[in-house]
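Enquirer: After the sequence you'll find the predicted model.
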Amino acid sequence: MSDLVPLLLLPGQLCDDRLWRDPAAALADVARPIFGDLTQDDRIEDMAARALAAAPPAFALAGLSMGGYVALEIMRQAPERVLRLALLDTTARPESPARASLRRADMSTVGLGRFAGITPRLLPQFIHASRLHEPVAQEVMDMTARVGAAVYVEQQTAILKRPDARPTLPTIRVATLIGVGESDAVTPPRLAEEMAAAIPGARLQVFARCGHLPPMEDPAATAAALRAWLAA
């Protein structure tokens, strides 16, 4: 056990430990997973501080989507504790005015009691079209329903207020993996390319036949990419 690398795994919005379950299991021979809790705060800075308080002194760090925002904030707050960094399906940019408007509209809908998580109508934004009739589709919907409306509102608030992390990117000095689904409609590949170009020595991995959630859509490919990153 002492040879295993502590691996802090940060989920995206409306995601729980299920997001990382299968890649974490596949890496059990090289990494000890620590599943971060991003359900208790409405600021990215506070999410990062909470994750740091629960983490060991040094760890590898992987975050997807909102978890990537938190991972970049950890790199700002305590870069000396991070052994290596993986950013999946995320961006360093702050929220755009157009996306902010859509988020506020969604929050108003939740306030009226109409929260349904990710529904079949929304699924094409999150997983590859070829997977819409695979079991993973129902698992994604079940996961978001478990997280629930109250956490959704807090997480939306945090995302709306997130800082611009682009100034942090050139300061990163650990082995970095940037991953993105080839069909990610939420954080498209161009945003991954932007981060990879700004982080010295970063490696870009595009996951075929994946949307926004490669760890659930293709856990084997995700685990393989993370294994190579851990060995870098």
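Expert: Ah, there it is.
Enquirer: where along this structure do the helices fall?
Expert: With DSSP state H as the criterion, the chain has helices at 21-26, 44-54, 66-77, 97-111, 135-147, 149-160, 189-198, 214-217, 219-231.
Enquirer: out of these, nearest to residue 84?
Expert: Closest approach to residue 84 among the helices of the chain (C-beta to C-beta): helix 219-231, 6.4 Å. Using the backbone N, CA and C atoms, a C-beta is placed for each residue, glycine as well.
Enquirer: relative to helix 135-147, how tilted is the closest one?
Expert: 70 degrees (axes from the mean of the first three to the mean of the last three C-alpha atoms, to 10 degrees).
Enquirer: related to what we said a few turns ago, compare the helices of the chain and say which comes out lowest on pLDDT.
Expert: Least confidently modelled of the helices of the chain is helix 97-111, at a mean of 73 by mean pLDDT.
Enquirer: Provide the contact partners of that helix at residue level.
Expert: 95, 115, 149, 152-153, 156-157, 159-160 (C-beta atoms under 8 Å, 6 or more residues apart in numbering).
Enquirer: Export that helix to CSV, keeping only CA atoms.
Expert: What follows is helix 97-111, C-alpha atoms only, in CSV (Å, rounded to 0.1, in the frame of the first residue of the first chain):
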residue,chain,number,x,y,z
PRO,A,97,-21.8,36.0,-20.4
ALA,A,98,-23.9,33.7,-22.6
ARG,A,99,-23.3,30.6,-20.5
ALA,A,100,-23.9,32.6,-17.3
SER,A,101,-27.3,33.7,-18.6
LEU,A,102,-28.2,30.1,-19.3
ARG,A,103,-27.1,28.9,-15.9
ARG,A,104,-29.1,31.6,-14.1
ALA,A,105,-32.2,30.5,-16.1
ASP,A,106,-31.6,26.9,-15.1
MET,A,107,-31.3,28.0,-11.4
SER,A,108,-34.6,29.9,-11.7
THR,A,109,-36.2,26.7,-13.0
VAL,A,110,-34.9,24.7,-10.1
GLY,A,111,-36.3,27.4,-7.7
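Enquirer: if we can go back for a sec, what's the most buried one of the helices of the chain?
Expert: Of the helices of the chain, the one with the most neighbours on average (mean count of other C-beta atoms under 10 Å) is helix 214-217, at a mean of 27.
Enquirer: wouldn't residue 37 be in contact with residue 54 here?
Expert: Yes: applying C-beta atoms under 8 Å, one finds residue 37 in contact with residue 54, separated by 7.4 Å.
Enquirer: Report pLDDT for the residue nearest the centre of the chain.
Expert: Centroid check for the chain by C-alpha atoms, centre = their mean gives residue 64 as the closest residue, at 1.2 Å. At residue 64, the model reports a pLDDT of 98.
Enquirer: could we number from 40 for the rest of this?
Expert: In the new count, where the first residue is 40, that last one comes out as residue 103.
Enquirer: okay but it is in contact with residue 53, surely?
Expert: No: counting by C-beta under 8 Å, residue 103 sits too far from residue 53 to count as a contact (11.6 Å).
Enquirer: circling back: distance to residue 71 added to the helices of the chain, as TSV?
Expert: Formatted as TSV, the helices of the chain follow (distance: least, C-beta to C-beta, whole Å):
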stretch	distance to residue 71
helix 60-65	9
helix 83-93	14
helix 105-116	18
helix 136-150	35
helix 174-186	23
helix 188-199	26
helix 228-237	26
helix 253-256	17
helix 258-270	11
